[in-house]
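**Student:** here's a sequence, model it:
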Amino acid sequence: MSAVDRNEFDTFLTVWSKVSYFLNQNELVTLGLVSKKLRNEIALPRLFNRIHITKNPILRVTGCYLDCSATYISGFRSVQKTNDQNDIFIYDRIEQFLCILEGRKHLIKEFILDDSVFADIYGSRVLLNQLISTITGISTIEKVLIRDPILLNDAFEKIQVIESLKYLEVYNFILSAYNIGMSNVTSMKIMINSEFDSDFVIDEILMDIFVNQINTLEISIQDEHIDFVEILNLLNKNKIIFKKVIELKLNFTHTQIEHAGIMAQSKGVCNYFSQAFSIQNIEKLEVGFCCHFNHCDCVDEFLNYLAPQMGKLKSVSLEDTLHENKGDNALQERFDTSVGKFLLQLPNYETQLKELCIKHDPPLNGLGTDTVEGNYYRRRNYYGGLLPNFKSLEKLIIPGMLQSISLYEIIVCDLLWNGCTCPHCKKYLPYFDEYLMNHQYYSRMTGSYEDIIPPVMFGYVGDILDQRNRNEIDWVLNCFRYNPVNITWNFHGYEQIHHFGNYHCHFDENLFQALLICVSHFFNGYMDHLVEFLPNLRVAMLSGFYYSIADTNIYSYNGKQCRYKCIYD
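**Tutor:** Numbers count the residues shown, from 1 in each chain. The predicted model follows:
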């Protein structure tokens, strides 16, 4: 081959290498059949780079390229299936995966095993142990994420001794005795459980890693009784400074009454936080708030302190977790105000903010207090005035949007009875009206069975959509790196849903997709405004409804041209 031909071929490989990031695993297999060179240099490295094992198969969708970042190994692709059927399929696929690994182990850089992959825990244990043993024996792997707590406990020691790891998990700031080489670690998750000791002395090796290596940090509080201030106290006592952290995820919990006193006195929590983190360097931030006290200003105090200092912030996720009174409209609006004040205090928010996630904590069954129509319109107008300020925003994520809307009965009644008039919705919406008229759920508030109303039904639908992502995503801001799994609802279960004795019920999983299309058409009304407010928006996720957005009106919906397309259309 001449020098010219070689240069042309190198260019050819470079182009296909970049294209491969937009190919899913089936397309990569097809690419590998074209030539040996493409197979060995592009297809196989991309196929094995990131392995993700899930219980349920992923959704087959177009748009957003959700299925292009990993190779998924999962169960039986059927709307209706038994646990045994699913176990057989995934068992066979894991066995096949282990068989083809020989000579390709070095290609795996990231491995994710979801929680409760098998219904038969004991029958699958030998295979999963073999799988984990094989994965932890790969000397070049960079991330091993096992979400099953029992399997993680068994494999914890094996994971800790992998010298090539770039991602590491530790409990309560305690360095395992098995950690023998952590020079490559740049990302860490610190899990705080009931054994946490705020007087603990952190190992010097771990302190050095905190100071000089970590750029991505997650602090996950897994015990609801632990206050965030206790963690800050520990960091302050040990004089820990995360100098290089630019991506931070944490749980801001307020469980102790003394915390309120600290907040009132010189903003102690904020001062502790600024001593532990270089706030001005943070580019990506996720905070989940949970305050146990009514009329407490701790969230506002914390956010107002952070905002003016976050000159480099590009991505932010703010999540509210209510300890009680879920569905209280006043609490929802209070969080709205906190979010708005924080965002508008950010330096250069108009030109710098690229990714935004806002997540509320509505009740499961969509029933709230003081959720009258006027309150809905006030909240909608508030965000209608807030969002247009962020002209540079490219990604918008609102995971609980359907549940939040379900609180307002008149709105979801409009969805059902005065909604979209396309042929699909005209056909299916009457079926769901029939479902409501013939089914009841058990109300814990009244202690009796009540008729299902639209807020209750759509609250359940929102929860199912949340389950499609709940166990798959580590950071909410990373949701576009994960493909939702195919979990459906059979229109029963939850709060003892049952139909009347004289009604022959045909509602099952087969109708769920039709309902999702109806909801997506309702959400299109919101998307019309969002693409107008946010001219640079490229993708959006509203309660599991993923939208890809173009520069011009290249898509069509119900006879009109638009810039966006939902994965369910």
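**Student:** per-residue pLDDT of Ile94, please?
**Tutor:** pLDDT, Ile94: 96.
**Student:** and it, what does it touch?
**Tutor:** Ile94 makes contact with 53, 73, 127-128, 131, according to Cβ atoms under 8 Å, 6 or more residues apart in numbering. Just so you know, the C-beta spots here come from the backbone N, C-alpha and C atoms, and that holds for glycine as well.
**Student:** if we use 10 Å, what do you get?
**Tutor:** With contact set as Cβ atoms under 10 Å, 6 or more residues apart in numbering, Ile94 has these partners: 53, 73-74, 113, 117-118, 124, 127-128, 130-131.
**Student:** same question for Ile453.
**Tutor:** Contacts for Ile453 were tallied using Cβ under 10 Å, 6+ apart; they are 365-367, 406, 409, 412-413, 416, 436, 441, 459.
**Student:** before we move on, what about Asp87?
**Tutor:** So, once contact is read as Cβ under 10 Å, 6+ apart, Asp87 ends up touching 55, 75-76, 117-120, 123-124.
**Student:** greatest separation within the residues you listed: which pair is it?
**Tutor:** Within these, two members stand farthest from each other by Cβ to Cβ: Phe76 and Gly123, at 16.1 Å.
**Student:** with neighbour numbers in mind, choose between the two.
**Tutor:** When Phe76 and Gly123 are compared on other Cβ atoms under 10 Å, the one with more neighbours turns out to be Phe76, at 18 against 12.
**Student:** circling back: ok, the contacts of Asp87 vs Phe545, which is closest?
**Tutor:** When the contacts of Asp87 are compared for distance to Phe545 (Cβ to Cβ), Lys55 wins out at 22.3 Å.
**Student:** buried subset of the contacts of Ile453?
**Tutor:** Applying 16 or more other Cβ atoms under 10 Å to the contacts of Ile453, the neighbour count classes 365-367, 406, 409, 412, 416, 441, 459 as buried.
**Student:** longest helix of this structure?
**Tutor:** Longest helix in the chain by number of residues (criterion: DSSP state H): helix 512-533.
**Student:** in strands, which of the contacts of Ile94 fall?
**Tutor:** When DSSP state E defines the strands, the subset of these inside them is 53, 73, 113.
**Student:** export those as a markdown table, with columns for pLDDT.
**Tutor:** Below are the ones in strands among the contacts of Ile94 laid out as a markdown table (pLDDT from 0 to 100):
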| residue | pLDDT |
| --- | --- |
| Ile53 | 95 |
| Ile73 | 95 |
| Leu113 | 95 |
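**Student:** quick one, which of those residues are buried?
**Tutor:** When the ones in strands among the contacts of Ile94 are checked for burial by 16+ other Cβ under 10 Å, the buried set is 53, 73, 113.
**Student:** His292: which of these is nearest?
**Tutor:** Ranked by distance to His292 (Cβ to Cβ), these are led by Leu113 at 33.9 Å.
**Student:** from what I can see that closest one touches Thr134, true?
**Tutor:** No. Here Leu113 lies out of contact with Thr134, judged by Cβ atoms under 10 Å, at a distance of 11.9 Å.
**Student:** which residues sit in contact with Phe277?
**Tutor:** Contact criterion Cβ under 10 Å, 6+ apart gives 217, 232, 235, 240-243, 245, 248, 250, 306 as the residues in contact with Phe277.
**Student:** got the CA positions of the longest helix of the chain in CSV?
**Tutor:** What follows is the C-alpha trace of helix 512-533 in CSV, where atoms were taken according to Å, rounded to 0.1, in the frame of the first residue of the first chain:
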residue,chain,number,x,y,z
PHE,A,512,-49.5,0.8,28.0
GLN,A,513,-47.6,1.9,24.9
ALA,A,514,-50.8,3.4,23.5
LEU,A,515,-51.3,5.4,26.7
LEU,A,516,-47.7,6.7,26.5
ILE,A,517,-48.3,8.0,23.0
CYS,A,518,-51.4,9.9,24.2
VAL,A,519,-49.4,11.5,27.0
SER,A,520,-46.5,12.4,24.7
HIS,A,521,-49.0,14.2,22.4
PHE,A,522,-50.2,16.2,25.5
PHE,A,523,-46.6,17.1,26.3
ASN,A,524,-46.1,18.4,22.8
GLY,A,525,-48.0,21.5,24.0
TYR,A,526,-45.3,22.2,26.5
MET,A,527,-42.6,21.4,23.9
ASP,A,528,-44.0,24.1,21.6
HIS,A,529,-43.3,26.7,24.2
LEU,A,530,-39.9,25.2,25.3
VAL,A,531,-38.4,25.3,21.9
GLU,A,532,-39.5,28.9,21.5
PHE,A,533,-38.2,29.9,25.0
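**Student:** beyond that helix, next helix or strand please.
**Tutor:** Scanning the chain past helix 512-533 towards its C-terminal end, the next helix or strand to appear is strand 539-542 (assignment: DSSP states H and E).
**Student:** give me the nearest residue to Ile202, chain neighbours excluded.
**Tutor:** Once its chain neighbours are removed from consideration, Ile202 has its nearest residue in Asn238; the separation is 4.6 Å (Cβ to Cβ, 6 or more residues apart in numbering).
**Student:** show me what contacts the one you found?
**Tutor:** Shown here is Asn238, whose contacts under the criterion Cβ under 10 Å, 6+ apart are 173, 200-204, 206-207, 210, 276.
**Student:** now, those residues that are in helices?
**Tutor:** 204, 206-207, 210, 276.
**Student:** just the buried subset of those, please.
**Tutor:** 206-207, 210, 276.
**Student:** now for those, which pair is the farthest apart?
**Tutor:** Maximum pairwise distance in those, criterion Cβ to Cβ, is 14.1 Å, between Leu206 and Ala276.
**Student:** just put the contacts of Ile453 in CSV and tack on secondary structure and distance to Val185.
**Tutor:** Supplementary listing: the contacts of Ile453 in CSV, determined by DSSP: H, G, I helix; E, B strand; the rest coil; distance: Cβ to Cβ, whole Å:
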residue, secondary structure, distance to Val185
Asn365, coil, 43
Gly366, coil, 43
Leu367, coil, 46
Ser406, helix, 43
Glu409, helix, 50
Val412, helix, 47
Cys413, helix, 53
Leu416, helix, 51
Leu436, helix, 53
Tyr441, strand, 48
Gly459, helix, 41
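**Student:** OK, contacts around Ala550?
**Tutor:** 531, 538, 562-565.
**Student:** show me the two of those residues that sit farthest apart.
**Tutor:** With distance counted by Cβ to Cβ, no two of the contacts of Ala550 lie farther apart than Arg538 and Cys562, which are 14.8 Å apart.
**Student:** shaky segments in this structure?
**Tutor:** Within the chain, the stretches falling below the threshold (pLDDT under 70) are 1-5, 177-181, 257-268, 325.
**Student:** recalculate using a threshold of 80.
**Tutor:** Per-residue confidence for the chain (pLDDT under 80) gives these ranges: 1-10, 62-64, 176-181, 256-268, 294-295, 322-327, 419, 470-473, 557-559, 569.
**Student:** please enumerate the strands of the stretch 1-150 of the chain.
**Tutor:** Using DSSP state E, counting those that start in this stretch, the strands assigned to the stretch 1-150 of the chain run over residues 50-53, 71-73, 110-113, 143-146.
**Student:** what residues of the last one count as buried?
**Tutor:** Just to be clear, that refers to strand 143-146. Buried, per 16+ other Cβ under 10 Å, within strand 143-146: 143-146.
**Student:** what packs against that strand?
**Tutor:** The contact analysis (3 or more Cβ pairs under 10 Å, 6 or more residues apart in numbering; DSSP states H and E) places strand 143-146 against strand 50-53, strand 110-113, helix 121-136, helix 149-160, strand 167-171.
**Student:** export the ones you listed to a markdown table and tack on distance to Pro423?
**Tutor:** As requested, those are exported to a markdown table (distance: least, Cβ to Cβ, whole Å):
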| stretch | distance to Pro423 |
| --- | --- |
| strand 50-53 | 37 |
| strand 110-113 | 40 |
| helix 121-136 | 45 |
| helix 149-160 | 47 |
| strand 167-171 | 48 |
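**Student:** among those, which is nearest Leu31?
**Tutor:** Distances from Leu31 to each of the helices and strands packed on strand 143-146 were compared using Cβ to Cβ; the minimum, 16.7 Å, belongs to strand 50-53.
**Student:** so what does that closest one touch, helix or strand wise?
**Tutor:** Counting contacts by 3+ Cβ pairs under 10 Å, 6+ apart, the secondary-structure elements packed against strand 50-53 are strand 71-73, helix 83-99, strand 110-113, helix 121-136, strand 143-146.
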